[in-house]
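In: pasting the sequence and the predicted model now:
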Amino acid sequence: MAEKLAKAIHCNTSEIHPVVNSIPILFLLSLLRCSIPVRLSDNALLENYDEIILIGPIWGGQLIAPLRTAIRKCKKSGKKFHFALTCESSESDKDGPYGYNHVFGILDSVASDAVLEKAAFSTTLVKNYSPEGRTIQSEKIRITEENYSEALKEKLMDFAGRIAKSD
Ligand SMILES: Cc1cc2nc3c(=O)[nH]c(=O)nc-3n(C[C@H](O)[C@H](O)[C@H](O)COP(=O)(O)O)c2cc1C
């Protein structure tokens, strides 16, 4: 989604690499509302750009630890940022404890003064989405080039438009 957005609004991308790459440890730190040291693939990102767009997934209804650190870095350098989530929660469960609005609430509590536009891209919008495929044993659905749908594109272009307008 980050790459597609970058293409739409002609901006650069940089990956956020947490120093620990284990999902269980990152999940635990996220539940404890801790941040974790991260390395950005573009070191000069925060110095070179006026506005940042952060994109990452929801895990366990939490603001994940690497995003928490990235937010802290933006705030420390006085940068405003746009914020988007990828998630499996849909419009109908967005307000639940695992929904994207829950994470937006946490975001507002840590950085409301620095947040610009927000968006959520749900895996329920992929092509041929089937809720029956969501069993505990099944792998989480991921957004891929093959299942990228018109509905996701619409959401992405809406976010891109709002970002452009906010400049
Ligand atoms: C450990 C774990 C916990 C998750 N918890 C949530 C959740 O609480 N709410 C939600 O909407 N999606 C949740 N998801 C779904 C992810 O947000 C979704 O798979 C992800 O955004 C897809 O992005 P990715 O392809 O970069 O992993 C979870 C996924 C994992 C792996």
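Out: Yep, it's here.
In: C-alpha from now on. contacts and neighbour counts both.
Out: Fine.
In: what's the separation between Ala24 and the ligand?
Out: Let me fix one detail, which is that residue 24 is Pro and not Ala. Separation of Pro24 from the ligand (CA to the nearest ligand atom, to the nearest Å): 7 Å.
In: give me the element that residue is part of.
Out: For Pro24, the host element (DSSP states H and E) is helix 23-31.
In: which residues touch the closest residue to Asn128 other than its chain neighbours?
Out: Nearest non-adjacent residue to Asn128, counting by CA to CA, 6 or more residues apart in numbering: Asn147, 7.6 Å away. Contacts for Asn147 (CA atoms under 8 Å, 6 or more residues apart in numbering) come out as Val126, Lys127, Asn128.
In: isn't the second one right next to Lys153, touching?
Out: No: between Lys127 and Lys153 no contact is recorded; they are 11.3 Å apart, counting by CA atoms under 8 Å.
In: of the contacts of Asn147, which is the nearest to the ligand?
Out: For those, the closest approach to the ligand (CA to the nearest ligand atom) belongs to Val126, at 11.1 Å.
In: mean confidence for stretch 148-166?
Out: Here stretch 148-166 scores 96 as its mean pLDDT.
In: that one close to the ligand?
Out: No: legend: contact between stretch 148-166 and the ligand by CA under 6 Å from any ligand atom is lacking; minimum distance shown is 11.8 Å.
In: got a list of contacts for that stretch?
Out: Looking at stretch 148-166 with CA under 8 Å, 6+ apart, the contacting residues turn out to be 1, 5, 8-9, 82, 116-119, 121-122, 125-127.
In: ok, 7 Å please
Out: For stretch 148-166, contacts defined as CA atoms under 7 Å, 6 or more residues apart in numbering pick out Leu5, Ala8, Ile9, Glu117, Ala119, Phe121, Leu125, Val126, Lys127.
In: just the ones in helices from those residues, please.
Out: Leu5, Ala8, Ile9 (DSSP state H).
In: name the nearest of those residues relative to Asp108.
Out: Taking CA to CA as the measure, Leu5 is the one of the ones in helices among the contacts of stretch 148-166 closest to Asp108, at 22.7 Å.
In: how near is the closest one to the ligand?
Out: Taking CA to the nearest ligand atom as the measure, Leu5 falls 14 Å from the ligand.
In: and Ser77, by the same measure?
Out: Distance of Ser77 to the ligand, computed by CA to the nearest ligand atom: 26 Å.
In: need the CA coordinates for the longest helix seen in the chain. PDB is fine.
Out: When the chain is parsed with DSSP H, its longest helix is helix 150-166. Output of helix 150-166 as PDB, limited to C-alpha atoms (Å, rounded to 0.1, in the frame of the first residue of the first chain):
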ATOM      1  CA  GLU A 150     -11.000  -1.400  -7.100                       C
ATOM      2  CA  ALA A 151     -12.400  -0.800  -3.500                       C
ATOM      3  CA  LEU A 152      -8.800  -0.700  -2.100                       C
ATOM      4  CA  LYS A 153      -7.700   1.600  -5.000                       C
ATOM      5  CA  GLU A 154     -10.700   3.900  -4.300                       C
ATOM      6  CA  LYS A 155      -9.700   4.100  -0.600                       C
ATOM      7  CA  LEU A 156      -6.100   4.800  -1.500                       C
ATOM      8  CA  MET A 157      -7.000   7.500  -4.000                       C
ATOM      9  CA  ASP A 158      -9.300   9.100  -1.400                       C
ATOM     10  CA  PHE A 159      -6.400   9.200   1.100                       C
ATOM     11  CA  ALA A 160      -4.000  10.500  -1.600                       C
ATOM     12  CA  GLY A 161      -6.500  13.300  -2.400                       C
ATOM     13  CA  ARG A 162      -6.900  14.300   1.200                       C
ATOM     14  CA  ILE A 163      -3.100  14.400   1.700                       C
ATOM     15  CA  ALA A 164      -2.700  16.600  -1.400                       C
ATOM     16  CA  LYS A 165      -5.500  19.000  -0.200                       C
ATOM     17  CA  SER A 166      -3.900  19.300   3.300                       C
END
